[in-house]
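> Pasted the sequence and its predicted model underneath.
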Amino acid sequence: MLARYIVLRAGETHVHSLDASGLVYHVIRGEGSASCGSDAFDWAAHDAFCMPGGEAVSLTSPDGAILMIFSDEPIFSYLGASASTQAARRVAPAHFSFTRINERFREVHAHEGEQLNAGKAVLLVTDTMVDRKLATPGLLASYNSLEPGGDQRAHKHSSAALTLSIAGDRVHSTVDGQIVQWQPDTLIVTPPYAVHAHHNRGDQMMLSFVVQDTALFTEMRALSFEWTE
């Protein structure tokens, strides 16, 4: 996986075309618009959206914005491959508003009972990836949460994880025994098979945007997940 920040100055337009199976974006701050071919939509802070790889994507912001892009470009580079228009169109442009994400979180947290998975999350799934529950053919993306005072159960998995902090006052992670204090808008890298967990010592909900290369291991029949406590 690869993650990069994009800083848009007021009135600036940023155009890019990346060799990847698809692109996942998270808006850290600001608002603006995105277009790819005949598809276009507006976005705002904490929204997420997906775009196809191998096609020109245009981003613009009237007052300036900061976004983060996640992609599976490294595997394309390793294979010496390019994202053709036909292959890239497996991902149709899709916009996930933060307002809608919050609505789904209210539904998720309304369910009481023992937490049996690694967290309470809202998964982003594009139309062509519904059967596989993915954002792009190569990437799984989700908004993850943890209640005030909560401790995520320690676990490890074969996929790497990139965790972008959205809301996390007095939140820290443990990664292979190392304590990582959360800071606003920073990215935490969890290597494959690293034992990790998140801990919320604040009085507000922890919220993060997480991208994993789960699809790669699924296709290789090498996906694994294990509780470690």
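That came in fine, so what should we check first? Numbering: from 1, shown residues only.

> Can you point out the buried residues in stretch 161-172?
By 16 or more other CB atoms under 10 Å, the buried positions in stretch 161-172 come out as 161-168, 171. No exception for glycine: its C-beta is placed from N, CA and C like everyone else's.

> which among these gets closest to Arg4?
Nearest to Arg4, judged by CB to CB, of the buried residues of stretch 161-172 is Leu162 at 11.0 Å.

> can you confirm the closest one is in a helix?
No: with DSSP: H, G, I helix; E, B strand; the rest coil as the criterion, Leu162 is assigned strand and is not in a helix.

> Now for Val15: which residues touch it?
Neighbour list for Val15: 56-59 [criterion: CB atoms under 8 Å, 6 or more residues apart in numbering].

> Let's have the buried residues of stretch 161-172 in TSV, adding pLDDT and distance to Phe96.
Output for those, formatted as TSV (pLDDT from 0 to 100; distance: CB to CB, whole Å):
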residue	pLDDT	distance to Phe96
Ala161	96	19
Leu162	97	17
Thr163	96	17
Leu164	97	14
Ser165	96	18
Ile166	95	13
Ala167	90	17
Gly168	82	20
Val171	96	23
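
> Lowest mean pLDDT among the helices and strands of the chain, which one is it?
helix 85-88 (a mean of 51; mean pLDDT, DSSP states H and E).

> which parts of the helix or strand just after that one are buried?
Counting by DSSP states H and E, the next helix or strand C-terminal to helix 85-88 is strand 94-96. The neighbour-count check on strand 94-96 (16+ other CB under 10 Å) flags 94-96 as buried.

> and the two most separated of the buried residues of stretch 161-172?
Of all pairs drawn from the buried residues of stretch 161-172, the greatest distance, 18.0 Å, lies between Ala161 and Ala167 (CB to CB).
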